[in-house]
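Colleague: Curious how this folds, go ahead:
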Amino acid sequence: MNVSEKLSVYLELINCNYDLYVWEYNDKLQFLHTNWTQSIFSGNFLSYTGLAPLVDEHISSGLRTPLILEAPANLLWIAGFYYEGPLLVKCYFIGPIYSGRDSHLLLRKHMDSYELSVKLRSMITKIFEQIPTIPGNILSQYAVMLHYCLTGEKISSNDLTYQSTVPTARKTFPQSASLEHAGIWYSEQQLCKMLADGDPRYKEALAKSASLSSGLHAETGDSLRQHKNNSLVLLTLCSRACIQGGLTPSISYDLNDYYAARLEECTSLTEVQKLSETMLADYVYRVQQAKKDSHISSQVQNTCAYIKANITTPLSIKTLAEKYGYSEYYFSHKFKKELGISINDFILNEKIEQAKLLLSGTNDNIQTISDNLLFGNRSYFYACFQKQTGMSPSEYRAQNTKL
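Modeller: Residues are numbered from 1 along each chain as shown. The predicted structure is shown next:
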């Protein structure tokens, strides 16, 4: 098969899923042919989309791999290059393609900035509604396939180059740490820990986190969009935390996809807020059920939850055993048999984990952390911490601070 025949088969294959078209140019980027039938983008679309200089730059750099081109309104084309020896013979452009589900909305906003007649606006909208929206991973696969079709060379999506005519927004990164974010990381870790434990007190941790931050500071100009973005971030954190808590990855990821889609469908801030509450409650309930289904008895699970919730208060085998009506010997034996660790070691591990969070995410001095976690004295705290982590509290803070 020659290149033209291979290209014909390639187009037939990709058009099984999406209606895509091809533009053919010579080595001088002069338009030759297209099977696109609409008036817009007909002929030499490279020039009036402003993409020609990007293609020329790519060719001049010596790169022969595919190029993903982005024009305003989130429109994309795949560019492939056919060489005979060292000489470029033809360039092929596959498209147009939308890059995201919100592309049609962005187009409408873009048209709002022009004084278009109703008839013209309707005509443009009708044409653009025919343009397919293709997920990024599929788009990159199509580009890799096009390159193989033209060259016979196998490459990966990492070899693709992306260029855009859309101006890049630039904002200077602050040189010093912002006090505005102090304590957020620690609060976030506390929330994730409670979600992983299936702890119903997660609402308190969420409120604490919300009091420290209003969420993402990427201004969209759309309060509903901003609220959705914040909820999607929360959904991701929740999903990962609950996997650590024992929820199977498949269930957690399915829930993530389900709630992400539901969030995008919300039409008001109230709806987003209520769905976020439902989402968290659903995840926590499923973690609790997963823990109930494990080989660990409810008494031991409840003891673990109690220890984690009361890690800054005096804890002993005696008080924990009495709480569930067991003798110290029986309960300590039962605990170790089910978890493979003694109650005292479990308490110590939880204290060290809490100390690591406090050292990383707060400015509390080491003596205060030691006192709050009831280590008795600083030397004992240092010895326990060193044994568990292989470094002193001060060394750990220096290497892991999140402030």
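Colleague: Format the CA atom coordinates belonging to the strand ranked longest in the chain as PDB.
Modeller: Using DSSP state E, we find that the single longest strand of the chain is strand 87-98. The C-alpha trace of strand 87-98 is given here as PDB (Å, rounded to 0.1, in the frame of the first residue of the first chain):
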ATOM      1  CA  LEU A  87      12.800  16.100   2.100                       C
ATOM      2  CA  LEU A  88       9.300  17.000   3.300                       C
ATOM      3  CA  VAL A  89       6.700  16.100   0.700                       C
ATOM      4  CA  LYS A  90       3.300  16.800   2.200                       C
ATOM      5  CA  CYS A  91       1.600  17.800   5.400                       C
ATOM      6  CA  TYR A  92      -1.700  16.400   6.500                       C
ATOM      7  CA  PHE A  93      -4.100  18.000   9.000                       C
ATOM      8  CA  ILE A  94      -6.900  16.000  10.700                       C
ATOM      9  CA  GLY A  95      -9.800  17.800  12.300                       C
ATOM     10  CA  PRO A  96     -11.400  20.000  13.400                       C
ATOM     11  CA  ILE A  97     -11.800  18.600  16.900                       C
ATOM     12  CA  TYR A  98     -13.100  20.000  20.200                       C
END
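Colleague: tell me what that strand is packed against?
Modeller: With contacts taken as 3 or more Cβ pairs under 8 Å, 6 or more residues apart in numbering; DSSP states H and E, strand 87-98 sits against helix 3-14, strand 21-26, helix 52-60, strand 75-84, helix 136-151. Yep, even glycine has a C-beta here, placed from its N, CA and C like the rest.
Colleague: Can I get those in JSON lines including distance to Leu357 and mean pLDDT?
Modeller: Supplementary listing: these in JSON lines, determined by distance: least, Cβ to Cβ, whole Å; pLDDT from 0 to 100:
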{"stretch": "helix 3-14", "distance to Leu357": "50", "mean pLDDT": "90"}
{"stretch": "strand 21-26", "distance to Leu357": "55", "mean pLDDT": "91"}
{"stretch": "helix 52-60", "distance to Leu357": "47", "mean pLDDT": "93"}
{"stretch": "strand 75-84", "distance to Leu357": "43", "mean pLDDT": "92"}
{"stretch": "helix 136-151", "distance to Leu357": "35", "mean pLDDT": "91"}
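Colleague: now stretch 334-354: how far from the chain's centre is it?
Modeller: 33 Å (Cα atoms, centre = their mean, to the nearest Å).
Colleague: buried set for that stretch?
Modeller: Applying a neighbour-count criterion of 16 or more other Cβ atoms under 10 Å, one finds 334-335, 338-339, 343, 346-348, 350-352, 354 buried in stretch 334-354.
Colleague: so which of the residues you listed comes closest to Ser156?
Modeller: Checking the buried residues of stretch 334-354 against Ser156 by Cβ to Cβ gives Ile352 as the nearest, at 42.7 Å.
Colleague: Helix, strand, or coil at the closest one?
Modeller: helix (DSSP: H, G, I helix; E, B strand; the rest coil).
Colleague: Please name the residues that touch it.
Modeller: 384-385, 388-389 (Cβ atoms under 8 Å, 6 or more residues apart in numbering).
Colleague: just the helices in the stretch 251-400 of the chain please.
Modeller: Along the stretch 251-400 of the chain, the stretches classed as helices by DSSP state H, counting those that start in this stretch are 269-292, 298-309, 317-323, 328-339, 343-361, 366-372, 378-389, 393-400.
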